[in-house]
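Engineer: Test case, fold it:
(2 chains)
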Amino acid sequence: NAGVTQTPKFQVLKTGQSMTLQCAQDMNHNSMYWYRQDPGMGLRLIYYSASEGTTDKGEVPNGYNVSRLNKREFSLRLESAAPSQTSVYFCASSDTPPQHFGDGTRLSIL
Amino acid sequence: AQSVTQLDSQVPVFEEAPVELRCNYSSSVSVYLFWYVQYPNQGLQLLLKYLSGSTLVKGINGFEAEFNKSQTSFHLRKPSVHISDTAEYFCAVSEPGGGADGLTFGKGTHLIIQP
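Structural biologist: This next block holds a predicted model:
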């Protein structure tokens, strides 16, 4: 069972470059989420999608955009990467609690 | 708005000793509560959840937690830890019927098992 798959696993960008993080789930879940994890901060919600065709801002949406491409896929885009966006990004999905998490994308912005 | 406080950023424990990781939450409504574990360079794995019913919840790997509504706590316990339990532990909360709103996480507790 693949569950939640995130690509890429690692990425290094230069300041100002753009990047799309991909997430796909094979559990037929309606809801999908993007979080970022920073040392000593826990995970913070960036954006979520309650169902195909809808997206909503979370706690820390600035500098990011999202697309719910279909029921399986939810992408996160950095239009102009900044060093403050260096983080580990996690995608999750659920219908009823709990949420299921991918293995993360480790992103460094130089 | 919800918030979660994990009272200890690090907890060192000797192998085979008991451990308690503390979690307090604040919310104006009823809540769902979760503990997740993160091993180094991995994603988050669910340890246990409280949705309703019995306040004592048993999870994987011998962990359990007790929901205490009056103290707004959901502390995680294990009677005897192993080296393999070394990891980061996150407490999280969400609101029932709150649509697809995401989880609110605590800042994590690093459990360090000493031989």
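Engineer: State the distance from the most centrally placed residue in chain A to A:L21.
Structural biologist: Central residue of chain A (Cα atoms, centre = their mean): A:W34, 3.3 Å from the mean position. The spacing between A:W34 and A:L21, counted by Cβ to Cβ, to the nearest Å, is 8 Å. C-beta here means a position set from N, CA and C on the backbone, and glycine is covered the same way.
Engineer: Return every residue with contacts to both of these two.
Structural biologist: A:L76, A:Y89, A:C91 (Cβ atoms under 8 Å, 6 or more residues apart in numbering or on different chains).
Engineer: okay if I get the residues you listed as JSON lines plus pLDDT?
Structural biologist: As requested, the shared contacts of A:W34 and A:L21 are exported to JSON lines (pLDDT from 0 to 100):
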{"residue": "A:L76", "pLDDT": "98"}
{"residue": "A:Y89", "pLDDT": "98"}
{"residue": "A:C91", "pLDDT": "97"}
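Engineer: Contact residues of chain B facing chain A?
Structural biologist: Contacts of chain B with chain A, taken as Cβ under 8 Å from any Cβ of the partner chain, map to B:4, B:9, B:32, B:34, B:36, B:42-46, B:49, B:51, B:90, B:92, B:94, B:99-108.
Engineer: now the shared contacts of A:W34 and A:L21 as CSV including secondary structure, neighbour count and distance to chain B?
Structural biologist: Output for the shared contacts of A:W34 and A:L21, formatted as CSV (DSSP: H, G, I helix; E, B strand; the rest coil; neighbours: other Cβ atoms under 10 Å in any protein chain shown; distance: Cβ to the nearest Cβ, whole Å):
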residue, secondary structure, neighbour count, distance to chain B
A:L76, strand, 23, 13
A:Y89, strand, 23, 11
A:C91, strand, 29, 9
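Engineer: Partner strands of the worst-scoring helix or strand of chain B on mean pLDDT, with direction?
Structural biologist: Within chain B, no helix or strand scores below strand B:104-105, which has a mean of 92 by mean pLDDT, DSSP states H and E. Strand B:104-105 sits in its sheet next to strand B:87-94 (antiparallel), going by DSSP bridges.
Engineer: May I have the residues that are in contact with A:E52?
Structural biologist: A:E52 neighbours (Cβ under 8 Å, 6+ apart): A:N30, A:R68, A:N70, A:K71.
Engineer: 7 Å - rerun?
Structural biologist: A:R68, A:N70, A:K71 (Cβ atoms under 7 Å, 6 or more residues apart in numbering or on different chains).
Engineer: ok, residue 46 - how many residues close by?
Structural biologist: Just going to use chain A. By the criterion of other Cβ atoms under 10 Å in any protein chain shown, A:I46 has 24 neighbours.
Engineer: Actually, chain B is the one I wanted.
Structural biologist: 17.
Engineer: in a strand, that's where it is, yeah?
Structural biologist: Yes: counting by DSSP: H, G, I helix; E, B strand; the rest coil, one finds B:L46 located in a strand.
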